[in-house]
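S.K.: need coordinates for the following:
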Amino acid sequence: MELNVHGKQINVGDALRTHVEDKLSDLNEKYFNHAAFATVTFSKEGHGKKETRAHILIQIGKNVMVVADATDHDPYASFEAAATKVSKQMRRYKKKLRDHHERIQQTPEDEIMKARDYVLAAAPEQDDTPEDAAESGDEPLIVAEMTQEITKMSVSDAVMRLDLSGENAMLFRNASHGGINMIYRREDGNIGWVDPEGHGK
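M.R.: Sure thing, here's the model as predicted:
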């Protein structure tokens, strides 16, 4: 597993780096042993920048990410808290991840759709003037543009990937009919599932 450990506004010493490497190597061997790479970022957070935030991102399969964050005054404690979250996620989905990894590895390229992923700038606040109303139809400013893969999978696999990634929403191709579906995280903590009609189920 390739591992990168770095800090933002904080110096990551050799002892902390070694601790991170040992811990994540143990987690990888215990739960999956297929991780391609991992990135751990330490950064200063909070009022007066007195706390340290540990952000862990592990890629454990094609387009499958496990993400966790934690904050504490001590960088070791923040990392341990984030690593505990990662461990719980990987333990919860251990068998499912292995099965999912095998299915994804066998997925033909023609079953994976390519899609453009745009990051749009937030609209600035405007006064209610005729000029503002006229400009409201302008195209939003594109901040970033990337290519995403929309993979064919079951709804349960999609929910697993959303849960592991910590993202708020995800598009996927429903394995039962091939149509585009979306799942998203609701404010009540549950997962919403959008399955448009017309797939001939």
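
S.K.: work out for me the element His19 sits within.
M.R.: Here His19 sits within helix 14-31, counting by DSSP states H and E.

S.K.: actually His6, not the one I typed
M.R.: Here His6 is assigned to strand 2-8, by DSSP H and E.

S.K.: can you give the domain ranges for the protein?
M.R.: 2-93, 107-194 (automatic domain parsing).

S.K.: off-centre distance for the shortest one?
M.R.: Computed by Cα atoms, centre = their mean, to the nearest Å, the separation of domain 107-194 from the middle of its chain amounts to 13 Å.

S.K.: cool, and the longest one?
M.R.: On the basis of Cα atoms, centre = their mean, domain 2-93 sits 14 Å off its chain's mean C-alpha point.

S.K.: following element in sequence after the lengthiest strand in the chain, please.
M.R.: The residue-count maximum for a strand in the chain (DSSP state E) belongs to strand 51-61. Remark: after strand 51-61, the chain's next helix or strand is strand 64-72, criterion DSSP H and E.

S.K.: now that next one: mean pLDDT?
M.R.: Strand 64-72 shows an average pLDDT of 92 in the prediction.

S.K.: buried ones in that strand?
M.R.: The neighbour-count check on strand 64-72 (16 or more other Cβ atoms under 10 Å) flags 64, 66-72 as buried. Backbone N, C-alpha and C define where each C-beta goes, glycine included.

S.K.: understood, closing this out.
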